[in-house]
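1. Structure for this input, please:
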Amino acid sequence: CGNLKYDVEPPNQLTQKVKYFRSLINPGSHSFLLVAGSTRKNEEILVLQAFQALKKHCPTARLLLAPRHPKRCGEIEQLLKKLSIQYLKRSELTPMESIQARNPSIDVILLDTLGELPVLYALADLVFVGGSLVPWGGHNLLEPALFKKPVLFGPHMNNFREMSHHFIKAEAGLMVQNKFELQEQLVNLYHNPAKRKKLGENAYNIIQTNQGSSNKLLDYVEQTLSAF
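-> As a prediction, this is how the structure comes out:
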């Protein structure tokens, strides 16, 4: 029947939610938003170091850092302070107050809430899917691909091996082996918007090509039950 994960659908009330988060984050026409989703322990430091390298090429770049478990935000805050990176927690933003109004020099938005990452992928210029630079097994590449976003991921994709191979073969995502390759690709893709667009389109095409597993499975169940 195929892989049910490819039958991914946009979040409910997507347009309204994207508009809301855009007003909060206020990416602006000259900024560049990197979203690092579902990161794990010992991985945030690698992402932050790569992001600091990107900032040298794009001073207006911002990172939305979304740890897999928000309860780890305390230790990540300590890391951000140690690196002297200005940050703001998502929970500190109110509907009436954007980052620009709060502090326009903020470099990192720390996502300390649950359930909002799938929508925030829609605002990204570039996405890194975590749990992959450290040996956790990776996470789902399809959530950012649904919005035609270019995707980077590390070598530890054991839990999504087939999916990651699809992305690499279709030139829909790039695997980086370490923080140095992550840094290199962040800079390269920032300077190459045409390649970002192509990666995103190819990623979306993977979803379109592989959808339909749910209906196939239901048809199979119906046929089996009707035989009794």
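
2. CA only for contacts and neighbour counts going forward, please
-> OK.

3. Run the chain-centre distance for stretch 200-219.
-> Put simply, stretch 200-219 sits 20 Å off its chain's centre (Cα atoms, centre = their mean, to the nearest Å).

4. May I see the buried residues of it?
-> For stretch 200-219, a neighbour-count test (16 or more other Cα atoms under 10 Å) marks 200, 201, 202, 203, 204, 205, 206, 207, 211, 212, 213, 214 as buried.

5. In helices only, show me the residues you listed.
-> Among the buried residues of stretch 200-219, the members falling in helices (DSSP state H) are 200, 201, 202, 203, 204, 205, 206, 207, 213, 214.

6. all strands of this protein, in order?
-> Taking DSSP state E as the criterion, the chain contains strands spanning 32-39, 61-67, 87-89, 108-110, 126-129, 151-153, 173-175.

7. tell me what the fifth one is packed against?
-> What that stands for is strand 126-129. Where contact means 3 or more Cα pairs under 8 Å, 6 or more residues apart in numbering; DSSP states H and E, strand 126-129 is packed against strand 32-39, strand 151-153.

8. what does the last one give?
-> In terms of contacts (3+ Cα pairs under 8 Å, 6+ apart), strand 173-175 is packed against strand 151-153, helix 161-169, helix 193-210.

9. let's see it at 6 Å
-> strand 151-153 (3 or more Cα pairs under 6 Å, 6 or more residues apart in numbering; DSSP states H and E).

10. which residues touch the strand it packs on?
-> With contacts defined as Cα atoms under 6 Å, 6 or more residues apart in numbering, strand 151-153 is touched by 127, 128, 129, 132, 173, 174, 175.

11. Also stretch 54-69?
-> For stretch 54-69, the external contacting residues (Cα under 6 Å, 6+ apart) are 31-39, 107-111, 187.

12. Generate a PyMOL selection restricted to the buried entries among these.
-> Buried members of the contacts of stretch 54-69, defined by 16+ other Cα under 10 Å, are picked up in PyMOL with:
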select buried, resi 32+33+34+35+36+37+38+39+107+108+109+110+111+187
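
13. what does the average pLDDT come to for stretch 203-210?
-> Here stretch 203-210 scores 93 as its mean pLDDT.

14. what's the answer for stretch 177-193, then?
-> For stretch 177-193, mean pLDDT is 98.

15. could you dump the buried residues of stretch 200-219 to TSV with distance to residue 136?
-> As requested, these are exported to TSV (distance: Cα to Cα, whole Å):
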residue	distance to residue 136
200	25
201	27
202	26
203	23
204	25
205	27
206	24
207	24
211	26
212	29
213	27
214	28
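
16. between these, which is nearest residue 83?
-> Residue 83 lies nearest to residue 200 out of these, by Cα to Cα, at 31.3 Å.
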